[in-house]
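> Okay, here's the prediction I keep looking at, along with the sequence it came from:
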Amino acid sequence: MPEDTKQNVKRMSMIVTKGTLDWAYPPFILATTAAAMGLEVTMFFTFYGLTLLKKKLDLEISTLGNAAMKMPLLGMHMAMPNLVSAMPGVDAMATAMMKNLIKKKGIASIEELRQAAIEADVKMIACQMTMDLFEYTLDDMIEGPILGGAATYIETATKSDINLFI
């Protein structure tokens, strides 16, 4: 794209900090939607969000501290009290229920959304500090993300029309 045209392109950047199944959907849905609408999109994966770039995803959800979580069950929506959430096996059960619901409703998997983001030329930045902190290497990650730090993200964010923290 010529440089003079590129200056008129709308840009969106986001910091992705969560790595659970339920928190993985918003950044990838927003990124792929924005890219489909013609925005230049950058995702900066840091702390637990960095796990969303791993080759093998084994995402779970945590019901603890998620008072708004109400799963459809027996024709109604059942809330999960924090006390129950602390019991062994509850997160695994809730994860299985969520994955079943996602499949039943025909919703794309995180792997599919991530691949769609790659195909839409969404720029993905893996936080170098977090890579070092959690002792990950690029071999642990999918192909495509570049390494960068806070300065890399700030440089992108200052040129973006939309900045999100997820």
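Arrived safely.

> okay, CA-based contacts and neighbour counts for the rest of this
Will do.

> neighbours around Asn8, how many?
8 (other Cα atoms under 10 Å).

> Quick check: the gap between Val9 and Lys159.
As judged by Cα to Cα, to the nearest Å, Val9 and Lys159 stand 10 Å apart.

> nope, Leu30 is what I was after
With Cα to Cα as the criterion, Leu30 and Lys159 are 18 Å apart.

> Quick check: which ranges of the chain have low pLDDT?
In the predicted model, the chain carries pLDDT under 70 at residues 1-7, 64-74, 78-87.

> Just give me the residue right at the centre of it.
Centroid-nearest residue in the chain: Ala24, 3.4 Å away (criterion: Cα atoms, centre = their mean).

> contacting residues for that one?
By Cα atoms under 8 Å, 6 or more residues apart in numbering, the contact list for Ala24 reads 18, 49, 52, 110.

> Can you tell me which of those residues has the most neighbours?
Within those, most neighbours by other Cα under 10 Å means Leu52, with 27 neighbours.

> in terms of contact, does that residue touch Asp22 like I think?
No. Between Leu52 and Asp22 there is no contact under Cα atoms under 8 Å: 11.8 Å.

> Report the contact partners of Ile146.
Contact partners of Ile146, counting by Cα under 8 Å, 6+ apart, are 124-126.

> Quick one: these as a markdown table, columns for neighbour count too.
Below are the contacts of Ile146 laid out as a markdown table (neighbours: other Cα atoms under 10 Å):
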| residue | neighbour count |
| --- | --- |
| Met124 | 21 |
| Ile125 | 23 |
| Ala126 | 26 |
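
> With secondary structure and distance to Ala92 as new columns, can those be given to me in JSON lines?
Below are the contacts of Ile146 laid out as JSON lines (DSSP: H, G, I helix; E, B strand; the rest coil; distance: Cα to Cα, whole Å):
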{"residue": "Met124", "secondary structure": "strand", "distance to Ala92": "29"}
{"residue": "Ile125", "secondary structure": "strand", "distance to Ala92": "30"}
{"residue": "Ala126", "secondary structure": "strand", "distance to Ala92": "28"}
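
> Please consider this matter closed, and thank you.
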